[in-house]
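A.B. asks: This is the structure alone, sequence omitted:
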């Protein structure tokens, strides 16, 4: 495994291949993938959405199914297709980091070997995240970590991390097939995707619905560091637009970009405002962390009752709320926020107000009957 980031590689100067502009979104049913599909369709791209299971039909998006862990399945799914851009947003959570490394690096390798062989591939954009700076889940913030604000020039931490293994596969394929690349280190993503394993916004909306139903307060599940410390997040639409910008702007070097909204906040400020949007009474940090896995234990039948009464789209609590991920995010022992000077200097200057991103998501979740209407 490479222990230090590779130097930036100049973008190829070869002309754009003739034929249709075809984009492959790997993980097109997830938070980032759904936003990418939407943004690409709006810009006139032909879009392939690759996932394990077929998604709901979406205008302008062709669904392709494959088991990303099986190279033969991926090769068969992409046979005869020749995308010019690939957006890698999928990951498969495993019990240990060693398993994460083996499985998730293989998924990248299988896709790029299948897509690169057609000779039309111009750019590959890979989503990773802030664990580049803090370490993976099973070595989270233990020992050496990067200083805040996190900067893309920070070296890899000396611990096994599946992000590094994915990057190594990306660089290997870029050298073999001659495409440029970008890595997008996203902080917690605010977006809509039912069944996603890393979905704080929807998780908080579900927590609020259960609190209203049971008459309990909307309790912050995190620790004192997160309650008082500085943090940031990224809207799924902004992440998608940054990835498309990097994949289509000529003259950019191949390198990593932090992906955050551009504003910072403290949860002690954000929590009561989110509670107001969700129609619940907020309760902040007090003496100890109160994780959602503890607060929401045994609420599966309560959610089924709410879903039946309100005619919601998903009655299975585990498909709309990921307690473990929000607990992990809000119980970090260090503050976590990123510098975005690199992308701004290169020309990507978009920003999103994080509170407005939450409000927009909550409105979408109600309109699509993922969560009940606000009382």
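C.D. replies: Noted; the coordinates are in hand. Quick caveat, the model's predicted, so the values are computed rather than measured. Numbers count the residues shown, from 1 in each chain.
A.B. asks: residue ranges of the strands in the stretch 1-150 of the chain, please?
C.D. replies: Secondary structure of the stretch 1-150 of the chain (DSSP state E, counting those that start in this stretch): strands at 22-26, 46-51, 61-65, 85-88, 123-129.
A.B. asks: Pull the residues that contact the helix or strand where residue 245 lies.
C.D. replies: Assignment of secondary structure by DSSP states H and E places residue 245 within helix 236-248. With C-beta atoms under 8 Å, 6 or more residues apart in numbering as the contact definition, helix 236-248 has outside contacts at 31-32, 34-36, 38-40, 43, 85, 87, 122-125, 127, 182, 184, 186, 189-192, 252, 257, 259, 261, 343, 347-348, 350-352. C-beta: built from backbone N, CA, C; applies to glycine.
A.B. asks: quick one, longest helix in this protein?
C.D. replies: When the chain is parsed with DSSP state H, its longest helix is helix 97-116.
A.B. asks: Give the buried residues for it.
C.D. replies: Within helix 97-116, the residues that count as buried by 16 or more other C-beta atoms under 10 Å are 97, 100-101, 103-116.
A.B. asks: List the strands paired with the following helix or strand past the helix holding residue 245, with their directions.
C.D. replies: Going down the chain from helix 236-248, the next helix or strand is strand 255-259, by DSSP H and E. Using DSSP bridges, the strands paired with strand 255-259 in its sheet are strand 180-186 (parallel).
A.B. asks: Next SSE downstream of the partner strand?
C.D. replies: The helix or strand immediately downstream of strand 180-186 is strand 189-190, counting by DSSP H and E.
A.B. asks: Check which helices and strands that following strand sits against.
C.D. replies: Helices and strands touching strand 189-190, by 3 or more C-beta pairs under 8 Å, 6 or more residues apart in numbering; DSSP states H and E, are strand 234-235, helix 236-248, helix 354-367.
A.B. asks: partners of the shortest one in the sheet?
C.D. replies: Strand 234-235 has the following strand partners under DSSP bridges: strand 189-190 (parallel).
A.B. asks: list the buried ones in the helix or strand following the partner strand?
C.D. replies: Downstream of strand 189-190, the next assigned helix or strand under DSSP H and E is helix 200-214. Buried positions in helix 200-214, judged by neighbour count with 16+ other C-beta under 10 Å: 200-212.
A.B. asks: could you dump the helices and strands packed on strand 189-190 to CSV with distance to residue 78, mean neighbour count and mean pLDDT?
C.D. replies: Below are those laid out as CSV (distance: least, C-beta to C-beta, whole Å; neighbours: other C-beta atoms under 10 Å; pLDDT from 0 to 100):
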stretch, distance to residue 78, mean neighbour count, mean pLDDT
strand 234-235, 28, 28, 98
helix 236-248, 18, 24, 98
helix 354-367, 31, 18, 97
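A.B. asks: average pLDDT across stretch 110-119?
C.D. replies: Averaged over stretch 110-119, pLDDT sits at 93.
A.B. asks: for stretch 313-330, same thing?
C.D. replies: Averaging pLDDT along stretch 313-330 gives 95.
A.B. asks: do the same with stretch 155-166
C.D. replies: For stretch 155-166, mean pLDDT is 94.
A.B. asks: buried set for that stretch?
C.D. replies: Judged by neighbour count (16+ other C-beta under 10 Å), stretch 155-166 contains these buried residues: 156, 157, 159, 160, 161, 162, 163, 164, 165, 166.
A.B. asks: ok, these vs residue 228, which is closest?
C.D. replies: Using C-beta to C-beta, residue 157 is the member of these that lies nearest residue 228, at 24.7 Å.
A.B. asks: Just confirm that closest one contacts residue 135, I think it does.
C.D. replies: Yes. Contact criterion C-beta atoms under 8 Å: residue 157 and residue 135 qualify, at 5.4 Å.
A.B. asks: Could you point out which residue ranges in this protein have low pLDDT?
C.D. replies: Along the chain, segments meeting pLDDT under 70 span 1-19, 139-143, 197.
A.B. asks: same thing but 80
C.D. replies: Within the chain, the segments meeting pLDDT under 80 span 1-20, 54-57, 137-145, 195-198, 375.
A.B. asks: check contacts around residue 277.
C.D. replies: By C-beta under 8 Å, 6+ apart, residue 277 lies in contact with 358, 359, 362, 374.
A.B. asks: and with 7 Å instead?
C.D. replies: Residues near residue 277 by C-beta atoms under 7 Å, 6 or more residues apart in numbering: 358, 359, 362.
A.B. asks: between the residues you listed, which is closest to residue 338?
C.D. replies: residue 358 (18.6 Å).
A.B. asks: Please tell me how far the closest one sits from residue 204.
C.D. replies: In this structure, residue 358 and residue 204 are 8 Å apart, going by C-beta to C-beta, to the nearest Å.
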